[in-house]
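A.B. asks: here is my input, please return the structure:
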Amino acid sequence: MRALLSALLLASASLPAMPALAQIPFLTPDSTKESLDIGTSTSEIAITSDFRGADLTVFGSLSNTDSLLLAIGQYDVVVTLEGPRTDATVRRKERLFGIWVNRLSMSFERVPESYSLAATRPVANISTPQLLSELGVGIDFLPLTPTGYFGNAVSLVDFRQAYRRLQQTHGLYQHDTNGVRFVSSSLFKATLRLPANIPDGVHVVHAYLFKSGEFIAEREMRLRVVKTGLEQTISQAAHQSPVIYGMFSVMLALITGWGASLIFRKD
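C.D. replies: Next up is the predicted model:
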């Protein structure tokens, strides 16, 4: 009996300690994982008749980073601006009976109309090609998925390279391997170049964080590019009322031609 009472007293003495043990916080892998946040200098870009391109500044901050790895350059940041996605077609010209004609073509589904990139160093040196292709980071690693059937005569690699080359020639695809700079131990600034022919619509800013070649975190935010003034009115009329817009264009051309003939006619 005395032994039973001693056991009950010992059990009751240990009960108050159980809630205290339950309140001890446990560290999880996610609690110390690096993260990043971003913000832009503007949420909307207005395109006017004298728009010749602009620079978009993206500010960001890092959290839970290793100061030693940061000091020796083991952290990399890549910031991209992707334009509205649409289907694109690439055509190959061949000489037929002395005339250059379009013989072969290939369409890619939902590719960004514009793509600007800024990074701490060349993207190919940040991580492996396989990981960059999975993330779609970098002009050379954007997923270009063909639509429809394509036979053996059509080289998928050639058409992909041709599409990238055409977009870069037109200034719609561009990159700056020194476009991201750390302004402090936890703050960085990225500068993205916006071309003069940037398409209007909703663009998406992506920020990727890498550590020693390993993908750590990603953030994104949306940015709107709009046409203002007369350009916006003409663009809306062409898309919303194409028949009326076409008739007005023909009438304007006729009136302009008739007026020119009256001014410059010889008596």
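
A.B. asks: quick check: next helix or strand after the lowest-mean-pLDDT helix or strand in the chain?
C.D. replies: Counting by mean pLDDT, DSSP states H and E, the chain has its least confident helix or strand at helix 17-22, which shows a mean of 40. Next helix or strand after helix 17-22 toward the C-terminus (DSSP states H and E): strand 35-40.

A.B. asks: tally of neighbours for Ala124?
C.D. replies: Neighbour count of Ala124, defined by other C-beta atoms under 10 Å: 13. Where you see a C-beta, it was placed from the backbone N, CA and C, and this is true even at glycine.

A.B. asks: mind checking how far it is from Val137?
C.D. replies: 10 Å (C-beta to C-beta, to the nearest Å).

A.B. asks: do the same with Ala253
C.D. replies: Ala253 is 47 Å from Val137, by C-beta to C-beta.

A.B. asks: more crowded one of those two?
C.D. replies: Ranked by neighbour count (other C-beta under 10 Å), Ala253 and Val137 place Val137 first, with 23 against 10.

A.B. asks: show me the contacts for that one.
C.D. replies: Val78, Thr80, Leu117, Val123, His206, Tyr208 (C-beta atoms under 8 Å, 6 or more residues apart in numbering).

A.B. asks: elements contacting the helix or strand hosting the last one?
C.D. replies: Counting by DSSP H and E, the element that carries Tyr208 is strand 201-211. In this structure, strand 201-211 packs against strand 35-40, strand 54-63, strand 75-82, strand 214-227, with contacts taken as 3 or more C-beta pairs under 8 Å, 6 or more residues apart in numbering; DSSP states H and E.
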